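In: Coordinates for the following, if possible.
(one chain, ligands or ions: 3)
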Amino acid sequence: MNLILLGAPGAGKGTLAAYLIEKMGVPSVSTGNILREAIKNNTPLGREAKQFMDAGQLVPDQVVIGMLKDRIAQDDCKNGFILDGFPRTIPQAEALDKIASIDCALSLEVPDEVIEGRMTGRRVCLKCGATYHVKANPPKTPDVCDHCGDRLHVRKDDHMGVVRHRLATFHEQTEPLKDYYGAQGKLKSIDGTQGIQQTEQFATAALGL
Ligand code: ADP
Ligand code: ADP
Ligand code: ZN
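Out: Ligands and ions are numbered 1, 2, ... in the order given. This is a model prediction of the structure:
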């Protein structure tokens, strides 16, 4: 199955993707994680993306579309993939339709007022991409990644000033994708405000896994 996870920043896409990887046996592709790794490694892509990401703006379509094409052309995506954070604009969705057949877009519904608590408590591992929350999903040792032992970080763009901007961008540019996939009969929506396990159950039921 080729699945898209839609949802506001902090809605829980990455957290749900980590669960669905095991359940569905396919990899997840997070454009945010690929870009953060590029920034960490100071590659040309990273240098181009950094200014946009730090400001809470979308990286230009042509940059992310090229990056995504290369990633899903890799062998491990042959039998399906989970997209986390792509597409984020209508032109991205149209480009994706030209290179892959999407089975479902699953939207995690979380209102803006819940997002603040998600963002302020989020901690990420820049080495392996794992995501934690100080209350809802804490690592075993504070600020240390359970999977790889690296130090956890607060994302620069998770501070509230930037988060508000990212939410506005989401409503303007990404939320219209619900209608885009709805018109194709591919949209499924679940409540993302409940706990992590409850969200996993809603997703399992919605996807018929
Ligand atoms: P979140 O998980 O909070 O939704 P991501 O990790 O997916 O955030 O993305 C972080 C930032 O990376 C975005 O604010 C944007 O600058 C950039 N980015 C990630 N994916 C895309 C994309 N598909 N199109 C444009 N920019 C992107
Ligand atoms: P996204 O990828 O959509 O930006 P994340 O998966 O990174 O979102 O989740 C944002 C933050 O909220 C993380 O700190 C994560 O641990 C936490 N979180 C994710 N899902 C839930 C949930 N259902 N209930 C409470 N906290 C959650
Ligand atoms: Zn890690």
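In: Every contact and neighbour count from this point should use C-alpha atoms.
Out: Will do.
In: Distance of the nearest residue to residue 54 once chain neighbours are set aside relative to residue 103?
Out: Once flanking residues are discounted, residue 54 sits nearest to residue 157: 5.5 Å by C-alpha to C-alpha, 6 or more residues apart in numbering. To residue 103, residue 157 is 31 Å away according to C-alpha to C-alpha, to the nearest Å.
In: Which helix or which strand is home to the residue of the chain most remote from its centre?
Out: No residue in the chain has its C-alpha farther from the mean C-alpha position than residue 141, which lies at 24.7 Å (C-alpha atoms, centre = their mean). For residue 141, there is no host helix or strand (DSSP states H and E).
In: Which pLDDT value goes with it?
Out: Turning to residue 141, the model gives it a pLDDT of 97.
In: can you give me the helices for the chain?
Out: Along the chain, the segments classed as helices by DSSP state H run 13-24, 31-40, 44-54, 61-72, 90-99, 112-120, 160-169, 176-183, 196-207.
In: what does the third one rub up against?
Out: Looking back up the chat, that one is helix 44-54. 35, 36, 37, 38, 39, 40, 58, 59, 156, 157, 162 (C-alpha atoms under 8 Å, 6 or more residues apart in numbering).
In: which ones are touching the last one?
Out: Translated: residue 162. Contact analysis of residue 162 by C-alpha under 8 Å, 6+ apart lists 54, 55, 56.
In: how about a cut-off of 6 Å?
Out: The neighbours of residue 162, taking C-alpha atoms under 6 Å, 6 or more residues apart in numbering as the test, are residue 56.
In: Tell me the spacing between it and residue 9.
Out: Distance from residue 162 to residue 9, by C-alpha to C-alpha: 11 Å.
In: again with the first one
Out: Residue 35 sits 15 Å away from residue 9, taking C-alpha to C-alpha as the criterion.
In: Ok, the fourth one next?
Out: Applying C-alpha to C-alpha, one obtains 20 Å for the distance of residue 38 from residue 9.
In: Please say which of those two ends up with more neighbours.
Out: Per other C-alpha atoms under 10 Å, whichever of residue 38 and residue 9 has more neighbours is residue 9, with 22 against 18.
In: give the contact list for the more buried one.
Out: So residue 9 contacts nothing (C-alpha under 6 Å, 6+ apart).
In: So which bits of this protein are right by ligand 3?
Out: Counting by C-alpha under 5 Å from the ion, the residues of the chain close to ligand 3 are 125, 128, 145, 148.
In: hmm, which of those are the buried ones?
Out: Neighbour counting with 16 or more other C-alpha atoms under 10 Å marks 125, 145 as buried within the residues of the chain next to ligand 3.
In: ok, so of the residues of the chain next to ligand 3, who is nearest ligand 2?
Out: Using C-alpha to the nearest ligand atom, residue 125 is the member of the residues of the chain next to ligand 3 that lies nearest ligand 2, at 10.8 Å.
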